[in-house]
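Novice: quick check, what structure comes out for this input:
(chains A, B, C, D, E, F and G)
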Amino acid sequence: MSAVRGKVPQWKVDAVEEIKRLFREYPVVGIAGFRGVPSSQFQSVRRDLRDEVAIRVVKNTLLKLALESLGGDYKKLEDYIEDQVAVVASKLNPFKLFKKLENTKTPSPLKPNQVSPVDVVVEAGPTNFPPGPILGEIQAAGIPAAIEKGKIVVKNTVTVVRAGEVVKPEVARALNLLEVKPIKIGLDTKALMENGIVFTPADLAIDEAQVFEDFIEAARKALNLAVNSAYVTEETAEILIQKAFLDAKNLAINAAVFEKEVMPDILAKAYSEMLAVANLLSDEALDEDLKE
Amino acid sequence: MEYVYAALLLHAAGKEITEENVKAVLEAAGIEVNEARVKALVAALEGVDIEEAVSKAAFAAPAVAAAPAA
Amino acid sequence: MEYVYAALLLHAAGKEITEENVKAVLEAAGIEVNEARVKALVAALEGVDIEEAVSKAAFAAPAVAAAPAA
Amino acid sequence: MEYVYAALLLHAAGKEITEENVKAVLEAAGIEVNEARVKALVAALEGVDIEEAVSKAAFAAPAVAAAPAA
Amino acid sequence: MEYVYAALLLHAAGKEITEENVKAVLEAAGIEVNEARVKALVAALEGVDIEEAVSKAAFAAPAVAAAPAA
Amino acid sequence: MEYVYAALLLHAAGKEITEENVKAVLEAAGIEVNEARVKALVAALEGVDIEEAVSKAAFAAPAVAAAPAA
Amino acid sequence: MEYVYAALLLHAAGKEITEENVKAVLEAAGIEVNEARVKALVAALEGVDIEEAVSKAAFAAPAVAAAPAA
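Specialist: The predicted model follows:
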């Protein structure tokens, strides 16, 4: 047990101890940001994941204290403490945990005065609004809107905010009206740790489609290698037989080796050649049977 | 393919494809005839329905024709 | 078709496709030769790259076949 | 692709593809194993049907061959 | 097709395709050898680039098969 | 492909594909035989219907592809 | 195909494909190794340019493959 000075309030001591307990109890722990997550969404995420992921909101200073106190590899996580963070702890492997946390993200509108992480584009097209004061509010955001056929219409596609720019309140309001939800809000994984190994989102994002393609490529390479080196296995036996047969058939036909099995092919080939030449000739040069 | 052309020529002319006939045609074309190949040809053609084999090549024509015409 | 086969035969044998040669081949096959057709054939084949036509035949021939059929 | 080959090896052998098994195979091949990659692979396999990938590879082979024919 | 397989076997083994060699292979397989067929085979393959002939598809048949499919 | 050609040669000749027979054919072609490859060949061909495999190759490529998938 | 995967794994790892190495990999995967198959594999791969063999489509039968393409 760590020594605690008498002046520290008991709730802080308890909070630090709780974090330390979680970190010791679960094999996979980590830090996730939750800035901008409405408390209702946060509560439902916590509820939905309750059986698989322990989530605790903690003050950054206390989390730092806990990590210091735990020491060792845990101190590596200090680099990821920023903004508003929560501690996550789970028995799921880091990849599954990451996926669960990513799945908590839902499309959301931008808030006034926040820095937009993305370019926000408003597409040209009709809105659901009838003519009215809303037109002014949309125009105030720099969106070229007008009335057409009894509806407010965005006339040109425009980029209203660029990544890294502050979202002006009037722009946030217009985007809200148009139901543009350009960002995903939820638990934002900063880092996860298992057995002292720190995984960042770059390590954790798995493209399953790519993995599937990799497996196809690997399997294809194996098949190619086996067949091209004539390594006979149950899987390649049939292919190799067919290859050998086709080799023989090609050779027999191309070299006009008169084997009964390929005679029809050889005849058809000769006939095709005759037709190919006949097609280049004028009518007078052709027999009656080729003219029709 | 000379030997095959000779056989098909005889067939088209309604003649029997015998070793003798094939040889005669080949020689008329100035070809030095290999007896073994003539024998092999005639033997391999025994029981083969030339009309049918040939019609397969012709058959493919209309269907395939459309695409490669381009 | 006999006439074309005769031409192919001569071509395969590396012989020139002349009226005389074509006639010789056809006659060897016991065919009564139509002189005008032989002339037309030889004239028509002048400038034709038989090698190329034949090499395309394996695949493209069926397409070609459609033409005379039309 | 080593990690994928290791997984295919285990799959073909009817063994479970666990982190431990993949590691053992890679190490036997003298490969210095990256733990995070092993974990990533095993995790990814939950959504990947290896059997399907293998059968697709087998199908794709002839398709590849078709290309030069065109 | 035994004779053709024998030729392919010799080719793959880097041996010359001679009557003698073809016969030896066929006899080892317990086949009663037909001399004329051997001669015909060797004659047909004379001057043929086997590598090329083997890999060059030469079927009129598949074209036929394609027709109904189209 | 020597080993596979040898197997098909025996098959075409109506002979059984045994280690002994395969070896005899390969040796007749002047090939230094690798016993393990012969064993692997014979073992793998057990349970393969060569006739069927060959007839599939003659017609349908998709069928061909299907096999290795299994 | 376990044996082939083992070979590819070794190749990818920059190791030589020897009987010993193949065996080690297979055993690490918990496979009961068949010595003859290992020998056959190593023999088949001797002198093979793996990089090339791996990327060359397994099927050299364009004609056949072409048919179903239609």
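Novice: please make it C-alpha for all contacts and neighbour counts, starting now.
Specialist: OK.
Novice: can you pull out the helices in the chain?
Specialist: If you meant another chain, say so; for now it's chain A. Using DSSP state H, the helices found in chain A span residues A:10-25, A:39-49, A:60-70, A:94-102, A:134-140, A:169-177, A:201-204, A:208-228, A:234-254, A:263-278, A:288-291.
Novice: my question was about chain B
Specialist: In chain B, the segments counted as helices under DSSP H are B:2-12, B:19-28, B:35-45, B:50-65.
Novice: on that earlier part again, which one of the helices of chain A is the most hemmed in?
Specialist: helix A:263-278 (a mean of 28; mean count of other C-alpha atoms under 10 Å in any protein chain shown).
Novice: do it and chain E meet?
Specialist: Yes. Helix A:263-278 lies within reach of chain E by C-alpha under 8 Å from any C-alpha of the partner chain, at A:265, A:266, A:268, A:269, A:272.
Novice: same deal with stretch A:228-242?
Specialist: No. Using C-alpha under 8 Å from any C-alpha, stretch A:228-242 never reaches chain E; the gap is at least 11.6 Å.
Novice: and that stretch, how far apart are its ends?
Specialist: End-to-end span of stretch A:228-242 (C-alpha to C-alpha, to the nearest Å): 13 Å.
Novice: next: stretch A:27-44.
Specialist: Stretch A:27-44 has an end-to-end distance of 24 Å (criterion: C-alpha to C-alpha).
Novice: check whether that stretch comes near chain D.
Specialist: No. Stretch A:27-44 lies apart from chain D when judged by C-alpha under 8 Å from any C-alpha; the minimum separation is 12.8 Å.
Novice: could I get the full set of strands for the stretch 51-200 of chain A?
Specialist: A:53-57, A:85-90, A:106-108, A:120-122, A:125-126, A:145-148, A:151-154, A:158-161, A:183-185, A:188-194, A:197-199 (DSSP state E, counting those that start in this stretch).
Novice: pick out the shakiest of the helices of chain A, pLDDT-wise.
Specialist: Lowest mean pLDDT within these: helix A:288-291, at a mean of 64.
Novice: spatially central, which residue of the chain would that be?
Specialist: Here I'm looking at chain A. residue A:207 (6.0 Å; C-alpha atoms, centre = their mean).
Novice: looking at chain B here, not the other one
Specialist: In chain B, the C-alpha nearest the mean C-alpha coordinate belongs to residue B:8, at 3.1 Å (C-alpha atoms, centre = their mean).
Novice: circling back to that earlier point, quick check: closest non-adjacent residue to the residue nearest to the centre of chain A.
Specialist: When the adjacent residues along the chain are set aside, residue A:207 lies closest to residue D:44, with 7.7 Å between them (C-alpha to C-alpha, 6 or more residues apart in numbering or on different chains).
Novice: am I right that residue A:264 is in contact with residue B:55?
Specialist: No. Look at residue A:264 against residue B:55 with C-alpha atoms under 8 Å: they stay out of range, at 10.0 Å.
Novice: contact residues of chain A facing chain B?
Specialist: Residues of chain A lying close to chain B by C-alpha under 8 Å from any C-alpha are A:255-256, A:258-260, A:263-272.
Novice: got the contact list for the residue nearest to residue A:207?
Specialist: For residue D:44, the contacting residues are A:206, A:207, A:208, A:211, by C-alpha atoms under 8 Å, 6 or more residues apart in numbering or on different chains.
Novice: please apply the same query to residue B:29.
Specialist: Counting by C-alpha under 8 Å, 6+ apart, residue B:29 has contacts C:9, C:10, C:13, C:15, C:21, C:22, C:24, C:25.
Novice: quick check: the farthest pair among the residues you listed?
Specialist: Spanning the widest gap among the contacts of residue B:29 are C:13 and C:24, at 13.8 Å by C-alpha to C-alpha.
Novice: before we move on, back to that, spit out the contact partners of the residue nearest to the centre of chain B.
Specialist: Taking C-alpha under 8 Å, 6+ apart, one finds A:267, A:271, C:2, C:5 in contact with residue B:8.
Novice: since that was my last question, I'll sign off now.
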